[in-house]
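In: take this sequence and fold it.
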Amino acid sequence: MTPVLLLAAEKESAQVTEWAARIGWVVGLALFVALVYWLMREGWKWRGTLQGDLPELPVTPDETGPERLTMSGRYHGSTTAGQWLDRIVAHGLGTRSRAELTLTDAGLDVVRPGASDFFVPAAQLREARLDKGIAGKVLTEGGLLVVTWEHGDRLIDSGFRSDHAAEHNEWVDTINSMIETNSREGAER
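Out: Numbering: from 1, shown residues only. Below you'll find the predicted structure:
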């Protein structure tokens, strides 16, 4: 046999003898990860405290009128209007979830299993558009339906993505048409 093959055949892995050091590193890493998670959670709670001046979210009225549009999809969160990274977490608006949207003459009803539902009265709707991102979620251009609405003294952008993205354009057109009609009727009064 050649000497190179003999050397390769004789090599063995070194025995692991420092179990205490390895266990110490694993425990240290686990504690570090737990600390980072705890700090993130505290930051989320602090952001909610800072946004405590946001009024309670409206609930769906008993009579909303006939449905104009419905959509199943995902709710990706809400931000301060025009500031796509300034997430609003107060009253559960920061919680991502599945969502069922229903647009009626009364407004936009957002039903979220596992998170708090909310209702945007038609008079509070300000704009609907297609966008590519909202805090923590970036999609292709036009992949996100963003609805701007007024709540208290704030303008809020809420991002939704339909299970069928082709629906987004119809939602934008219908909501903006509703807003124009409501503005015209308000100006005539």
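In: any chance you could map the helices in this protein?
Out: In the chain, the helices defined using DSSP state H lie at 3-10, 19-50, 168-188.
In: just the ones you listed: most buried one?
Out: For the helices of the chain, average neighbour numbers computed from mean count of other C-beta atoms under 10 Å are highest in helix 168-188, which has a mean of 14. (Glycine included, C-beta is placed from N, CA and C.)
In: so for residue 61, which of the helices of the chain sits nearest?
Out: Closest of the helices of the chain to residue 61 is helix 168-188, at 16.0 Å (criterion: C-beta to C-beta).
In: what packs against the closest one?
Out: Under the contact definition 3 or more C-beta pairs under 8 Å, 6 or more residues apart in numbering; DSSP states H and E, helix 168-188 sits against strand 67-80, strand 97-104, strand 125-131, strand 144-151.
In: only C-alpha atoms, please: export the second one in PDB.
Out: As requested, the backbone C-alpha atoms of strand 97-104 are provided in PDB (Å, rounded to 0.1, in the frame of the first residue of the first chain):
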ATOM      1  CA  SER A  97     -53.800  37.300  10.700                       C
ATOM      2  CA  ARG A  98     -56.200  35.900   8.200                       C
ATOM      3  CA  ALA A  99     -58.900  38.300   7.400                       C
ATOM      4  CA  GLU A 100     -62.400  38.400   5.800                       C
ATOM      5  CA  LEU A 101     -63.200  41.900   4.400                       C
ATOM      6  CA  THR A 102     -66.700  43.100   3.600                       C
ATOM      7  CA  LEU A 103     -67.300  46.400   2.000                       C
ATOM      8  CA  THR A 104     -70.800  47.800   2.400                       C
END
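In: so which of the helices of the chain comes closest to residue 60?
Out: Closest of those to residue 60 is helix 168-188, at 16.8 Å (criterion: C-beta to C-beta).
In: residue 169 is in contact with residue 130, isn't it?
Out: Yes: if you go by C-beta atoms under 8 Å, residue 169 and residue 130 touch, sitting 7.3 Å apart.
In: so what's residue 132 up against?
Out: Residue 132 is in contact with 138-144, counting by C-beta atoms under 8 Å, 6 or more residues apart in numbering.
In: please report how far it lies from residue 150.
Out: Between residue 132 and residue 150 the computed distance is 23 Å (C-beta to C-beta, to the nearest Å).
In: same question, residue 97
Out: With distances taken as C-beta to C-beta, residue 97 is found 23 Å from residue 150.
In: what is the neighbour count of residue 148?
Out: 19 (other C-beta atoms under 10 Å).
In: next: residue 163.
Out: Neighbour count for residue 163, taken as other C-beta under 10 Å: 10.
In: again with the one 3 residues further on
Out: The number of residues packed near residue 166 is 7, by other C-beta under 10 Å.
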